[in-house]
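Enquirer: task: produce atomic coordinates for the following.
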Amino acid sequence: MELANPLLFWVTLVIVTAGFVGIFFPLVPNIPLIWLGILLYAAISGFEEVTNEFILFISFLALITIFLDFISARWGVRKFTASGNAVIGAVLGGVIGSLFGQLWAFFMGPLLGAVLFQLFTGHDTIWSIRGDRFHIIGFMGGSVMKLVIAITMIGMFLWVVLV
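Expert: Model (predicted):
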């Protein structure tokens, strides 16, 4: 099948790819960016290849993924009474760790950020480390879930447009 608008397809692919990369680097909004790229493609192409029903389905996937990602991270921190400051520390640590571009920094950033914020708020080291361990579990579970949903959304989009 020949693409009706190749330039639009390639621009959409760049946006969707940026969203996919955002799964590994939390500075980029991942699932929302993938959703936005597909929505823009559909809107600009007049919902011919990508229908309203398709947009409704991927919107549902995106909303469920965002909700479950939030819940999994929150569960991971709250499981062992980590404070809200640990959440802030983990997020900041994740952002700072991702700036180093190394895989070890990506995983160590949230852990170190949460530990430091827990210690600065007066929680003892044992609770800080236990809470951080479960934050990492929640973070990794959310990341795996986002990866599966992102691949599904992108694969479905490519199937609809290219086949």
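
Enquirer: gap between Ile15 and Leu99?
Expert: 22 Å (Cβ to Cβ, to the nearest Å). From N, CA and C alone the C-beta is placed, and that goes for glycine too.

Enquirer: so between the two, which is more surrounded?
Expert: Neighbours per residue, other Cβ atoms under 10 Å: of Ile15 and Leu99, the larger number sits with Ile15, 19 against 13.

Enquirer: ok, Phe117 - contacts?
Expert: Applying Cβ atoms under 8 Å, 6 or more residues apart in numbering to Phe117 gives the contacts Ser83, Asn85, Ala86, Ile88, Gly89, Ala90, Leu92.

Enquirer: my bad, Thr65
Expert: Counting by Cβ under 8 Å, 6+ apart, Thr65 touches Ile31, Met145, Lys146, Ile149.

Enquirer: farthest pair in the residues you listed?
Expert: Ile31 and Met145 (9.7 Å; Cβ to Cβ).

Enquirer: shared neighbours, the two?
Expert: Common contacts of Ile31 and Met145 (Cβ under 8 Å, 6+ apart): Thr65, Asp69.

Enquirer: between these two, which has more neighbouring residues?
Expert: Legend: neighbour count by other Cβ under 10 Å for Ile31 and Met145, higher for Ile31 (24 against 17).

Enquirer: where's Ile88 relative to Phe100, distance?
Expert: From Ile88 to Phe100 the distance is 20 Å (Cβ to Cβ).

Enquirer: low pLDDT regions in this structure?
Expert: By pLDDT under 70, the low-scoring segments of the chain are 1, 26-27, 70, 72-84, 87, 98, 101-107, 122-141.
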